[in-house]
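# okay, here's the prediction I keep looking at, along with the sequence it came from:
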Amino acid sequence: MPDCTVVVITYNDAARLRRAVRSVLRQTLRDLEVIVADDASTDETSEVVAELRRADPRVRYLRREVNSGGCGAPRNDALDLAAAPYVMFLDSDDELPRHACKSLLTEIERTGADFVSGQISRLYEWNGRLERYYPRLFARRRVVEGIRAEPELFLDSFSTNKLFDVGFLRRNELRFPENLHYEDHVFTTAVYCAAERFAVVPWVVYHWRRASGANSISLSIKEMSNVRHRLEAAAISDRILREHGFADLVPDRQHRFLLQDLRVYLNPMPSRDAVWVKEFASIVRPYLEGVAPEVLDRIDPMLRVCCHLILADRIEDLQVAARSLNGPQAPPRSAVRHAGRTYWGTTVSPGLDITGLHLAELPYSASRLRHEITEITEITAAGSRVRLTVRTYDPFGVLGSFDAFLRCGSLRVAIDPQPVGEGGYLSEITIDLAKAGPKADPRIGFTRPDGHTTTDRLLVDPAMKPITVRGDGRQVTVRAEGPAAFLRVTSRWTGFRSHLPLLAKARRRVLKQVSTPAMKLRAYKALIRVLPPRRDLALFEADCGKGYTGSPRAVYEEVRRRGLPLTAVWSVARGRANFPADAGLVRRGSWRYIWTMARAGIWVDSHGFPLDYPKPPGTRYLQTWHGQGIKSVGFDAPDLRADFAKPRETWRAAVDRWDALVCPSTEFSRIFVPSNGYTGPLLRYGTPRCDALVRGQTPQGVRERLEIPEDRKVLLYAPTYRDQAKSSGKSVRVDLALLAEELGEEWVLVLRTHPVERFRVPQEVRHFVRPAGSYPEINDLMLISDALLTDYSSVMCDYAVTGRPMLFFIDDWDDYRLAERGVYHDLREIAPGPCVTTTAELVARVRDLPAVHRSFAAKYARFRRMWCHEERGNASARVVDDFFEVAR
Amino acid sequence: MSPSLVFACLDADTLGGIQQVTHTLAQGLAERGYDVHVIGLHRATDPFAYVARPRYRHHVINRGPMGSENRLTRKLADRRLRAIFDSIGPGYAVLTSPGVVTRLAGLLPERISPIGQYHGSYEHARGSWHLGSIRRHYGGLDQAVFLSDDDAWLFSEHALLPNTWSLPNPLACWPDTISSLAKPRVLGVGRLEGVKRFDRLITAFARSGVPGWELHLIGDGVELERLRAHAYREGIKGQVVFRGRVPSAEMAAEYLDASVVGLSSEHEGLPLVLAEAAAHGVPSVAFDVSGGVRSIAGALVPPGDVNGFAGALAELMRSHEERRRVGAAARSRVEALRLDSVLDRWESLFAHLRR
């Protein structure tokens, strides 16, 4: 008896069948059988199977005399014949990854579950990309004690990504419905009802292959019969739930329907015609009418709007609304505000409430306009030019006086939108495509007199025929992109220049071999052996070149103020700006940078010049460091505590390069200095970068630049990163939506994420949150803020200089303190403000901030004595006296 | 005929945990009749003979030490490796680290089934390039073997590996006598390196507050002076004894002289110290830093919780009865690590691969 039966159903798909069966025969589980269930194919399927059987006796063949027209019947036939205790189902156009059978078999044997479900992955054949289906459903490996424990799993309604216990299926008489597409949906619903426990595994067990071009799916979902089958499957599924005592889960099954099944048809809706949409709506409406209102409340506002438009039979509006679901998620054409709520369209209707998107409250530069191209034509006489007529909708009335333009890559054309109708504009635009960038989504922008600009992409008729023009040695194409159909321009070189990319590639390859980091280091080491450093050349770097900021900036400005005879060069990371005009700039890591490092007699930085680069003999290195605080540092920090000796050796050598270290407090000398094994001289004059904070002058134009309304207070939120989750966005732990709802009337949150962190502010809180992760100068943010919210960041010690209120959101304190990072102080003991662990608690403290802040006066004073005792506003001057003047 | 077995290390003969385990397993499986080959990709600068009379073949591929490979030597090495693989029958290749997996997986002929091994914990992999490398390469092997069930589980979740398996490292020998647990001595064993966090053991020992006890630290390393200073600051300079390196032959005597073992590391895979201590009936206290530690430690303390560690130490230090109880339980738990049971588990892995 084999361990596992794999049923492969097929109908007139001989070529791909071979691939599917081979993927089973190649499984790491060898003791299996394959049953090819042929639904009466008329092509060469039987020959292919015969060939497969000759090569491998594990293949069995089962052929129906008459085509059943579905997947259910052949699967049932094969299920009856399955010889193994476990079964899997595979479609002839898909494949099983190598370990699928064995890994699921091992799991079902280990857990004794009724079935095991694994991650399903779409494989896009045209680019080989794999995309996992709802990875969060499969993220944890677990045993689920019945579907009631996790009704969200209705989203997983495939029969193909599962290994079933055949006895379980037979005992419960679980079979696929015949004469129905989406038999999977009905079958899995019945399976979920019957299973007392099932297992879920996080790895991929099924490759769902999507062929390129006009594939079967996009054609079939256009058929009304397809819609009917899907609706029927949903209705039967709901009925099964009710009949088996799971009536309470019907809303969850319906939720799945809205999220998944309905979406399948709504996504391509912009390219359907009104007749189709009307018929579609009439088929779906009866089911939607039976959907519980609380289910509609659970879904996204725009999806809910679409549901209500189907219910109200508003066909044209439905087509307009469906365009907001994908791509640029365009705003509505019009909206109404009433009693603090925002409604989609022109009437106040509870079902069309989109307040939750907060589109009406956005700052100007983030505000949304809808641009629809009503006409696009190629001007044949003029070569490579096209003319667009664009209708712009301003549903929230943000436009007043403006300069408008269309931008397409490097091309920018001024445009002149003319008011039409209510809140609308019409523009006639001509662009020369040959001058557009290599690949770009054209955007229309409106610049206000104060300099702020808002831009949005252009929607176009999905049925638009791509326009291709030639000019300037290139072939440029404009077309509609994605289901929401926005305008996209792509181009490629023609003629002799079409070889340019190849040449560029070859050049890059050569450069890559010569310009390796190892080669640079070798060249550098040779340079510093022969070239003496120039005493009057100073290389400055802050935050590894990411900005003109921090103590190096303060020191640099002092050097310039005194007019010291130094040539100064700043290191600039790729893509960073705002560096001083009176200094030389070198890109960090470039050959010029290597050269400057070798030649500079003075190095000033706040983090560390490339760690494996020795200092040239004779060069003096001022290390300013970039913060002090409670976090473990140096050899106590996690990156140097791993079981590798090399990083520690590298850091030890890097620290040995320092000739002077800015030491802002006795606490710093107690902790930081020994933790890094530094033994050189300390400059105990305070922190250069904090001089600006001591002076306390509010910088001009910062609030305007961040678009903070005059009546709002500013809460600066600056969480530090998590060592195990850099670039993940996980350091932003406060519930921004709740905070926005509770404090949005009075406050604006300026979000300063750590430089190693990446976080995208969700659109629905953008009205309250100003992303400032890459704002060049954090001192500015501190100076315009009314309070600081942080967790464990060293920014707290700088901020204490201002004397303003601080709050600490430390919901992961124990984890951070013990495992994640390690700390030197008990923050709850020394914190100069309240430490909270929930957003609700945070809201309460912010509402009562003045009193809370007063109650922390003594602790605040103690905190300042501990960390800011030396800060007198003249640190830069004294550091320059000590490090630069003496040396002269 | 028994299948062939290849164990491949970056460097098979340097003194270290992976190497010791590899040679122990190689010898054990050779004695069970397998045709075993141990391959070191690089020559050890300071080779160590783990097995006096090996029953397996031993190959060193590169004459140079690690990191000296260039394009030419790599080509020559490929040729030598292919020649070795061609000369042996069907079987399994155990690739003992992520570096070996990326180097060798592509060179193995079809009849030799690749097994990737990882000797660190999931927590350790997560903090380095290992996790990414394991995610990319181990799923394509026939099996990915980790040190404990917990580790295998975590890798299946976070590296999405479908082919995880767990096999503990074996104890090279099983003592007949156990410690009397009478000497007032806490033992710490390991290189004096940052990762071992002996500073925390020293602090915890100081805070345990049981008079008359000594803390003996066996091992050497760059942190010696820092740790000495740390003991001085903690006010227990006289009670902490830095013993330096002790030859492995004399370690049994050290365990027999100890009453408690403390393991304060930031990272551990399946720490041999805990296993050996347990085999000698010595109870231990450890930070709960990995599945491997969880599978053998006596008392577990949340990572980094030094006061908790001190409390757990104190409990054992105060009561001979408790030490005996915990020590006996530990000894029976590590029975599973006796060479014969571990070899049995390797053979059931081979059976699983044949399914």
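Happy to help now that I have it. Source: prediction; values computed, not measured. Residues are numbered from 1 along each chain as shown, chains lettered A, B, ... in the order given.

# could you find the closest non-adjacent residue to A:Arg648?
Nearest residue to A:Arg648, sequence neighbours excluded (C-beta to C-beta, 6 or more residues apart in numbering or on different chains): A:Leu640, at 5.3 Å. For the C-beta atoms, the positions are set from N, CA and C on the backbone; glycine is no exception.

# what sits against that neighbour?
Counting by C-beta atoms under 8 Å, 6 or more residues apart in numbering or on different chains, A:Leu640 touches A:634, A:647-648, A:651, B:194.

# which positions in the stretch 51-200 of chain A make contact with chain B?
Contacts of the stretch 51-200 of chain A with chain B, taken as C-beta under 8 Å from any C-beta of the partner chain, map to A:97-100, A:102-103, A:106, A:118-119, A:139-141.

# what is the most widely separated pair among those?
Across these, no pair lies farther apart than A:Arg98 and A:Arg140, at 23.3 Å, counting by C-beta to C-beta.

# neighbour count: these two, which is higher?
The residue with more neighbours, out of A:Arg98 and A:Arg140, is A:Arg98; 18 against 11, by other C-beta atoms under 10 Å in any protein chain shown.

# got a list of what the more buried one touches?
A:Arg98 makes contacts with A:26-28, B:140, as judged by C-beta under 8 Å, 6+ apart.

# neighbour-wise, which of those leads?
Among the contacts of A:Arg98, A:Gln27 has the most neighbours (other C-beta under 10 Å), with 23 neighbours.

# can you name the residues in contact with stretch A:414-427?
Here stretch A:414-427 has contacts from A:334, A:388-395, A:397, A:399, A:403-406, A:429, A:444, using C-beta under 8 Å, 6+ apart.

# going through those, which ones are buried?
Neighbour counting over these (16 or more other C-beta atoms under 10 Å in any protein chain shown) leaves A:334, A:388, A:390-395, A:399, A:404-406, A:429, A:444 as the buried ones.

# just the strands in the stretch 1-150 of chain B please.
Assigned by DSSP state E, counting those that start in this stretch, the stretch 1-150 of chain B shows strands spanning B:4-9, B:35-42, B:57-62, B:91-95, B:112-117, B:143-146.

# swap that for the stretch 251-355 of chain B, sorry
Counting by DSSP E, counting those that start in this stretch, the strands of the stretch 251-355 of chain B are B:260-263, B:284-287, B:299-301.

# tell me which strands the last one pairs with, and in which orientation.
Each strand that pairs with strand B:299-301, with its direction, by DSSP bridges: strand B:284-287 (parallel).

# give me the three-state assignment for A:Gly70.
Secondary structure, DSSP: H, G, I helix; E, B strand; the rest coil: A:Gly70 is coil.

# so how many other residues sit close to it?
20.

# that one and A:Ala194: what is the separation?
22 Å (C-beta to C-beta, to the nearest Å).

# before we move on, what about A:Pro268?
Distance of A:Pro268 to A:Ala194, given as C-beta to C-beta: 35 Å.

# just put the strands of the stretch 251-355 of chain B in JSON lines and tack on mean pLDDT, distance to A:Phe609 and mean neighbour count.
Output for the strands of the stretch 251-355 of chain B, formatted as JSON lines (pLDDT from 0 to 100; distance: least, C-beta to C-beta, whole Å; neighbours: other C-beta atoms under 10 Å in any protein chain shown):
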{"stretch": "strand B:260-263", "mean pLDDT": "94", "distance to A:Phe609": "38", "mean neighbour count": "29"}
{"stretch": "strand B:284-287", "mean pLDDT": "94", "distance to A:Phe609": "35", "mean neighbour count": "29"}
{"stretch": "strand B:299-301", "mean pLDDT": "90", "distance to A:Phe609": "40", "mean neighbour count": "21"}
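
# out of these, which comes closest to A:Ala20?
Of all those, strand B:299-301 comes closest under C-beta to C-beta, at 48.2 Å.

# contacts for the closest one, please.
The contact list for strand B:299-301 (C-beta under 8 Å, 6+ apart) reads B:283-288, B:293-294, B:308-309, B:312, B:315-316, B:326.

# chain A contacts on the stretch 101-250 of chain B?
B:120, B:124, B:126-128, B:139-140, B:142, B:153, B:156-157, B:160-163, B:193-195, B:197, B:222.

# for A:Ser491, which non-adjacent residue is spatially closest?
A:Val476 (4.2 Å).

# secondary structure element holding the one you found?
strand A:474-481 (DSSP states H and E).

# what's the answer for A:Leu807, then?
Counting by DSSP H and E, A:Leu807 is part of strand A:806-809.

# can I get that strand in CSV, CA atoms only?
Output in CSV follows, covering the C-alpha atoms of strand A:806-809 (Å, rounded to 0.1, in the frame of the first residue of the first chain):
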residue,chain,number,x,y,z
MET,A,806,8.2,63.3,27.2
LEU,A,807,6.2,60.1,27.1
PHE,A,808,7.5,56.6,26.8
PHE,A,809,5.6,53.8,24.9
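
# any idea how far A:Asp711 is from A:Gly451?
Taken as C-beta to C-beta, the span from A:Asp711 to A:Gly451 is 21 Å.

# go on, B:Ala329?
73 Å.

# and these two? Which one has more around it.
B:Ala329 (13 against 10).

# in TSV: the strands of the stretch 251-355 of chain B, plus distance to A:Ile594.
What follows is the strands of the stretch 251-355 of chain B, written out as TSV (distance: least, C-beta to C-beta, whole Å):
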stretch	distance to A:Ile594
strand B:260-263	44
strand B:284-287	43
strand B:299-301	48
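
# in stretch A:1-17, which residues are buried?
Counting neighbours by 16+ other C-beta under 10 Å, one finds that the buried residues in stretch A:1-17 are A:2-11, A:13-14, A:16-17.

# I'd like those laid out as CSV, including secondary structure, distance to chain B and pLDDT.
Below are those laid out as CSV (DSSP: H, G, I helix; E, B strand; the rest coil; distance: C-beta to the nearest C-beta, whole Å; pLDDT from 0 to 100):
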residue, secondary structure, distance to chain B, pLDDT
A:Pro2, coil, 10, 92
A:Asp3, coil, 7, 94
A:Cys4, strand, 10, 95
A:Thr5, strand, 15, 95
A:Val6, strand, 15, 95
A:Val7, strand, 20, 95
A:Val8, strand, 20, 94
A:Ile9, strand, 24, 93
A:Thr10, strand, 26, 92
A:Tyr11, coil, 30, 91
A:Asp13, coil, 27, 90
A:Ala14, helix, 28, 90
A:Arg16, helix, 23, 91
A:Leu17, helix, 24, 93
